[in-house]
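# Mind looking at a prediction? Sequence and model below.
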Amino acid sequence: MHHMASKRAKRSWFAIWFAAILWPALPAAAQMGLKSYDSKYYQILTDLDADKAREAKLRVTLMFEEYARRTRGFAGNGINGKLPFMLFRNIEDYIAAGGPPGTAGVFNGQRLMAVADPRFGDRVWSTVQHEGFHQFVMGAVGGDIPIWANEGLAEYFAEGQFTGDDFITGLIPKERLKRVKSRFEKSEFKSLRDMMMLQHETWNSEGSIVNYDQAWSMIHFLAHANEGKYQKPFNGFLRAVSGGDKWETAWERSFGRGVREFQQRWSDYWRNLADDPTASEYDRVAFSTLASFFARAASQRQYFDSPDDFFEAAGAGKLKHHAEDWLPPAILKTALERADQMGEWSIAKGSGGRKLILLRPDKQRYTGSFQITGSRVKDVNVKVDRAAAK
């Protein structure tokens, strides 16, 4: 649950709001031993070590760019100025600075805050991705959006995965899918009409994980069902309601039908999904991560004759990289744990440079290529296609 002010900021006064909340925090931050790091979109205040601070900069940069890409249809011209983000080493300092007990992170209407306690594991970044969206949308949208859409979008981004050079969204965890299907079977979800009318105060007072699951499932459906056919109508709906239209009027104008037909399609979509519908996308996360490390090794003229040689060096912590192209070793470890289950690996060598290739059992092929400038990685590209039948 986020603790955001009930009235969203208007873009016209966002710069004033931003300055007022960021700069008074700096003296107190210095007293707490927090160092300041400028990233492209955030001012990060943290007491973590240099590598953890670098990881935070990498993650929130790609996170912000995915927010902007996904909300381009309704979020206007974006944000001027850098957003404040406080990241603490321990829970006591987080709480002392205003973080609610029992949480790993929060956007409190002023600043994004989180605690990188190892006991929280990856949940820290999932929370940052969720709460960071509330911070982003407060500054980027010139009006209000319905609480179900705000929370559903935040949950959508919370499930995203950082790969080093990319941030991949649209993922469906198997356990969450199982939970959503069960909620449909047990009729635990609200009617869409009731969900649409839910107010911010009621959402917070209920504090229900069922509401979060429902909002997430609605957003995922709107983003991905029927090859994305609902994306433009949904953007139009959010523009209309943030501009002051009643939701019923905005819905009918955007979708051309009432909510009953939509509710049936939404329900059918989730009930009919396979047990692991985004397995290929989780493979893409692992592949993209490995391609990023493969590219960094190549930038230092470290080449491999076979995938096994690459995986052996990666597992032994012997991959090279330019000092400015560092990536967190933990994401490499996670990718390696999945690699041997993903399919047939190969390395292509040619005039276009070396490429890392994965052929999945379903004949979907991932090809990782890269560009190098000097001894730095300029770009890593992952192409997805289907291998020709033999």
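All right, it came through fine. Numbering: from 1, shown residues only.

# Now do the phi/psi pair for residue 42.
The phi/psi pair for residue 42 (degrees, to the nearest 10) reads phi -130, psi 150.

# And for residue 376?
phi -110, psi 150.

# so it makes contact with residue 325?
Yes: with contact defined as Cβ atoms under 8 Å, residue 376 counts as touching residue 325 (6.0 Å). Yep, even glycine has a C-beta here, placed from its N, CA and C like the rest.

# Mutual contacts of those two, please.
Common neighbours of residue 376 and residue 325, using Cβ atoms under 8 Å, 6 or more residues apart in numbering, are residue 299.

# OK, contacts around residue 149?
215, 219, 238.

# Residue 376 and residue 325: which is more packed in?
Neighbours per residue, other Cβ atoms under 10 Å: of residue 376 and residue 325, the larger number sits with residue 325, 20 against 15.

# Now do stretch 329-348, average pLDDT.
For stretch 329-348, mean pLDDT rounds to 97.

# now swap in stretch 118-132 and tell me
Per-region confidence: stretch 118-132 scores 89 on mean pLDDT.

# can you start the count at 33 instead of 1 from here on
Shifting the count to begin at 33 puts that one at stretch 150-164.

# and that stretch, how far from the chain's centre?
11 Å (Cα atoms, centre = their mean, to the nearest Å).

# tell me which residues in that stretch are buried?
152, 156, 157, 158, 159, 160, 161, 162, 163, 164 (16 or more other Cβ atoms under 10 Å).

# so can I have a markdown table of the contacts of residue 181 showing secondary structure?
Converted to a markdown table, the contacts of residue 181 look like this (DSSP: H, G, I helix; E, B strand; the rest coil):
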| residue | secondary structure |
| --- | --- |
| 247 | helix |
| 251 | helix |
| 270 | helix |
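
# Return the member of those nearest to residue 398.
Nearest to residue 398 among those is residue 251, at 26.4 Å by Cβ to Cβ.

# re earlier: Provide a ChimeraX selection command restricted to the buried entries of the contacts of residue 181.
Only the buried entries of those go into this ChimeraX selection, using 16+ other Cβ under 10 Å:
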select :247,251,270
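
# Kindly present the contacts of residue 181 as TSV, with separate columns for distance to residue 383 and pLDDT.
TSV is the format used below for the contacts of residue 181 (distance: Cβ to Cβ, whole Å; pLDDT from 0 to 100):
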residue	distance to residue 383	pLDDT
247	50	97
251	44	97
270	47	90
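
# what about the stretch 133-282 of the chain, any weak spots by pLDDT?
For the stretch 133-282 of the chain, applying pLDDT under 70 flags the ranges 174-175.

# check contacts around residue 345.
Residue 345 neighbours (Cβ under 8 Å, 6+ apart): 329, 334, 336, 351.

# tell me the SS of it?
Here residue 345 is recorded as helix under three-state DSSP.

# mind checking how far it is from residue 181?
As judged by Cβ to Cβ, to the nearest Å, residue 345 and residue 181 stand 46 Å apart.

# again, but for residue 111
With the distance defined as Cβ to Cβ, residue 111 ends up 19 Å from residue 181.

# Then residue 88?
In this view, residue 88 and residue 181 are 27 Å apart by Cβ to Cβ.

# ok, now residue 99?
For residue 99 relative to residue 181 (Cβ to Cβ), the value is 14 Å.

# This protein: strands as residue ranges?
Secondary structure of the chain (DSSP state E): strands at 67-70, 74-78, 115-120, 137-139, 144-147, 193-194, 199-200, 376-380, 387-391, 396-405, 408-418.

# Need the winner for burial among the ones you listed.
Highest mean neighbour count among these (mean count of other Cβ atoms under 10 Å): strand 137-139, with a mean of 26.

# And the contacts of that strand?
With contact meaning Cβ under 8 Å, 6+ apart, strand 137-139 is reached by 34-36, 131-132, 144-147, 156, 159-160, 162-164, 166-167, 170.

# Of these, which belong to helices?
Members of the contacts of strand 137-139 lying in helices (criterion: DSSP state H): 156, 159, 160, 162, 163, 164, 166, 167, 170.

# could the residues you listed be laid out in CSV, adding distance to residue 260?
Formatted as CSV, those follow (distance: Cβ to Cβ, whole Å):
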residue, distance to residue 260
156, 30
159, 27
160, 27
162, 23
163, 26
164, 24
166, 24
167, 26
170, 26
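
# Nearest to residue 228 among those residues?
When these are ranked by distance to residue 228 (Cβ to Cβ), residue 166 comes first, at 19.4 Å.

# That closest one touches residue 187, doesn't it?
No: contact between residue 166 and residue 187 fails when scored by Cβ under 8 Å: they sit 11.1 Å apart.

# domain assignment for the chain?
Domains of the chain are assigned by automatic domain parsing as 43-175, 206-303, 311-418.

# Columns distance to residue 194 on top of the ones you listed, output as CSV?
Below are the domains of the chain laid out as CSV (distance: least, Cβ to Cβ, whole Å):
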stretch, distance to residue 194
domain 43-175, 5
domain 206-303, 19
domain 311-418, 7
